[in-house]
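Chemist: Fold the following for me, if possible:
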Amino acid sequence: MRAPSVLGVAAGVGGVPLLVLAVLWGAGELAALPTLVAAACVATAALVAAALWVRDLDRLTAVLDSAYPSAPNPARDLLPMLKPVGRIAGRIERMARSLAQRADEVGEALRANETIIERLPDPLLVLDAQRAAHRVNAAARAAFGDDMPAVLRHPLLREAIDRAWREQTPQTADLVLPVPVEREVQATVIYFRQRLADGAQALLILSDRTRERAVERMRADFVANASHELRTPLASLMGFVETLRGPAADDPPAQQRFLAIMADQAARMNRLIDDLLSLSRVELTEHTPPADSVDLAAVLARVLAGFEMRLRDRRQTLELEIGPELPHVIADADQMAQVATNLVDNAVKYGREGGTVRVSLQRTPPGNRFAQRPGVVLSVRDDGAGIPRAHLPRLTERFYRVDKGRSRTAGGTGLGLAIVKHIVNRHRGRLTIDSQEGHGAVFSVWLPLTPET
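Modeler: Numbering: from 1, shown residues only. You can find the predicted model right below:
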């Protein structure tokens, strides 16, 4: 305790009463003895009050110093009437500066956390105490977009979230999400026993496992389907090789005939392997939408230029109709070229010889049969024998053929429409097939326009 500080405070507290007593005594209003007694009482009370006050202020100063030992000193000197109050004011200002500095540090840490969450490659949601999405990172917005509420309502995911809240332990769930394209997702819910400063109560991580599981399925499908499809041409090749080694070893005309058949069978196997590889590549990227702006009219022109010889060989006529001021779409140019190639190839193969193949590329307004949003429709129409209605739902299945003999004769692998379906799914579009027996078939692909178009 500082004696000068105590005396100064005592003087400030008892100075006025003592001055009043002195004035009254000097004026003869008070006797000497009562005045001395009163002055002694006032001085004693002032000293005691000052001592207690200074002691408590010193204790408060020590507490502030111990609470914020590294805080910077005040930028200016405070000169109040009482020095103890000045010390307290200085400590309080130092405390305020320290708190502001710590608030800045906390703010920087929170911004760093937000940046980390935003840039994580996996979709991540921060859930609040009501189990609703408090914050969503860029990967989640890109993967699910407007479908995020539907994802959170998935029964298996809701069950995992409720279980995490109930047991207060991390929970996982395997989900199959049908929108906007079918994906397989592993959801992990991490519950925080204490709520974070921003209100977060849990983290929800949605790890896309579509690619890995698609690879597993493709491996199994390749073994099952490819082995079946390759068995017939391989058996033919082996039979012809044995024939060329044996009975036809000295028969040049037979050798030429058999070699031509062998070349056809080898080409068929090559086409089958190419289509299987194409389908595998498409399935691996199906859950990732494209990002390039593509002029479909230019892509279609390049594709149709490659069919001139085949159309001439089958004496078929091509009719092309492209709408005016056709907008670009967000698409993968190579995959859209493959879609157009497969559809036109089917129309040429299964259309009537000497007939007409009609190709149309038009902009469709809202409210059309394909979707509620505007889009672009590519249609390919042939005038062949048509497809029985019972077969239409299964045309996009792998290796499905309406007429197996005719398909193999025409060089089909049974994978073309399956490839088209998966490419259209990746582009968030729709594929429709219309046909009547005897009146040909129409294959239409609708692709959505971006909002700015």
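
Chemist: Over to Asp434. Which of the three states is it?
Modeler: When classified by DSSP: H, G, I helix; E, B strand; the rest coil, Asp434 comes out as strand.

Chemist: what residues are up against it?
Modeler: Neighbouring residues of Asp434 by C-beta atoms under 8 Å, 6 or more residues apart in numbering: Ala441, Val442, Ser444. Using the backbone N, CA and C atoms, a C-beta is placed for each residue, glycine as well.

Chemist: how near is it to His134?
Modeler: Asp434 is 47 Å from His134, where distance means C-beta to C-beta, to the nearest Å.

Chemist: Looking at the contacts of Asp434, which one is closest to Ala260?
Modeler: Ala441 (31.3 Å; C-beta to C-beta).

Chemist: Does Ile190 touch Thr169 like I think?
Modeler: No - Ile190 is beyond contact range of Thr169, at 9.1 Å (criterion: C-beta atoms under 8 Å).

Chemist: Including distance to Gln265, could the contacts of Asp434 go into TSV?
Modeler: Shown next, in TSV, are the contacts of Asp434 (distance: C-beta to C-beta, whole Å):
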residue	distance to Gln265
Ala441	28
Val442	33
Ser444	34
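
Chemist: Which of these fall in strands?
Modeler: Cross-referencing the contacts of Asp434 against strands under DSSP state E gives Ala441, Val442, Ser444.

Chemist: By neighbours, which of the residues you listed wins?
Modeler: Neighbour counts for these (other C-beta atoms under 10 Å) peak at Ala441, which has 23 neighbours.

Chemist: that older thread, what would the ones in strands among the contacts of Asp434 look like in a markdown table with distance to Leu237 and pLDDT?
Modeler: Listed next are the ones in strands among the contacts of Asp434 as a markdown table, based on distance: C-beta to C-beta, whole Å; pLDDT from 0 to 100:
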| residue | distance to Leu237 | pLDDT |
| --- | --- | --- |
| Ala441 | 33 | 90 |
| Val442 | 38 | 91 |
| Ser444 | 39 | 91 |
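
Chemist: Distance across stretch 303-313, terminal residue to terminal residue?
Modeler: Across stretch 303-313, the terminal residues are separated by 17 Å (C-alpha to C-alpha, to the nearest Å).

Chemist: Could you list the buried residues of it?
Modeler: Val303, Leu304, Phe307, Leu311 (16 or more other C-beta atoms under 10 Å).

Chemist: and what of stretch 119-127?
Modeler: Pro123, Leu124, Leu125, Val126, Leu127.

Chemist: Name the nearest residue to the third one, sequence neighbours excluded.
Modeler: Beyond its immediate neighbours in the sequence, the residue positioned closest to Leu125 (C-beta to C-beta, 6 or more residues apart in numbering) is Leu204, lying 4.3 Å away.

Chemist: just checking, what packs against the host helix or strand of the one you found?
Modeler: According to DSSP states H and E, Leu204 maps onto strand 200-208. Applying 3 or more C-beta pairs under 8 Å, 6 or more residues apart in numbering; DSSP states H and E, we find strand 200-208 packed against strand 124-128, helix 138-144, helix 155-167, strand 183-191.

Chemist: and these, which one is worst for confidence?
Modeler: Among those, helix 138-144 carries the lowest mean pLDDT, a mean of 84.

Chemist: ok, residues contacting that helix?
Modeler: 118-125, 148, 151, 180, 206, 208.

Chemist: try 7 Å this time
Modeler: Helix 138-144 is contacted from outside by Glu118, Leu120, Pro121, Asp122, Pro123, Leu124, Leu125, Met148, Val151, Leu206, Asp208, using C-beta atoms under 7 Å, 6 or more residues apart in numbering.

Chemist: Which SSE is immediately downstream of it?
Modeler: helix 148-152.

Chemist: Output that following helix as PDB, nothing but the C-alphas.
Modeler: This file holds the C-alpha atoms of helix 148-152, laid out as PDB (Å, rounded to 0.1, in the frame of the first residue of the first chain):
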ATOM      1  CA  MET A 148     -29.100 -30.600 -50.900                       C
ATOM      2  CA  PRO A 149     -32.400 -30.500 -48.900                       C
ATOM      3  CA  ALA A 150     -33.400 -33.800 -50.600                       C
ATOM      4  CA  VAL A 151     -30.000 -35.400 -49.600                       C
ATOM      5  CA  LEU A 152     -30.500 -34.300 -46.000                       C
END
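
Chemist: in terms of contact count, name the helices or strands touching it.
Modeler: strand 133-136 (3 or more C-beta pairs under 7 Å, 6 or more residues apart in numbering; DSSP states H and E).

Chemist: In terms of helices and strands, where is Glu105?
Modeler: In the assignment (DSSP H and E), Glu105 maps to helix 83-119.

Chemist: For that helix, what is the distance to the chain centroid?
Modeler: Distance, stretch centre to chain centre, for helix 83-119: 35 Å (C-alpha atoms, centre = their mean, to the nearest Å).

Chemist: One more: stretch 250-262?
Modeler: With C-alpha atoms, centre = their mean, you get 58 Å for stretch 250-262.

Chemist: Show me the contact partners of that stretch.
Modeler: So stretch 250-262 is in contact with Leu237, Phe240, Thr243, Leu244, Ala248, going by C-beta under 7 Å, 6+ apart.

Chemist: Mind listing what's buried along it?
Modeler: Phe258, Met262.

Chemist: Next: stretch 434-449.
Modeler: For stretch 434-449, by 16+ other C-beta under 10 Å, it's Asp434, Ser435, Gly440, Ala441, Val442, Phe443, Ser444, Val445, Trp446, Leu447, Pro448, Leu449.

Chemist: Output it as PDB - backbone C-alpha positions only.
Modeler: C-alpha atoms of stretch 434-449 as PDB (Å, rounded to 0.1, in the frame of the first residue of the first chain):
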ATOM      1  CA  ASP A 434     -40.400 -43.300 -79.800                       C
ATOM      2  CA  SER A 435     -41.200 -46.000 -82.300                       C
ATOM      3  CA  GLN A 436     -44.000 -48.000 -84.000                       C
ATOM      4  CA  GLU A 437     -43.500 -51.100 -85.900                       C
ATOM      5  CA  GLY A 438     -43.300 -50.300 -89.600                       C
ATOM      6  CA  HIS A 439     -42.800 -46.600 -89.100                       C
ATOM      7  CA  GLY A 440     -39.200 -46.300 -88.000                       C
ATOM      8  CA  ALA A 441     -37.900 -44.900 -84.700                       C
ATOM      9  CA  VAL A 442     -37.000 -41.500 -83.200                       C
ATOM     10  CA  PHE A 443     -34.200 -41.100 -80.700                       C
ATOM     11  CA  SER A 444     -34.200 -37.700 -78.900                       C
ATOM     12  CA  VAL A 445     -31.700 -36.300 -76.500                       C
ATOM     13  CA  TRP A 446     -32.600 -33.200 -74.400                       C
ATOM     14  CA  LEU A 447     -29.900 -31.100 -72.800                       C
ATOM     15  CA  PRO A 448     -30.600 -28.300 -70.300                       C
ATOM     16  CA  LEU A 449     -29.500 -24.800 -70.900                       C
END
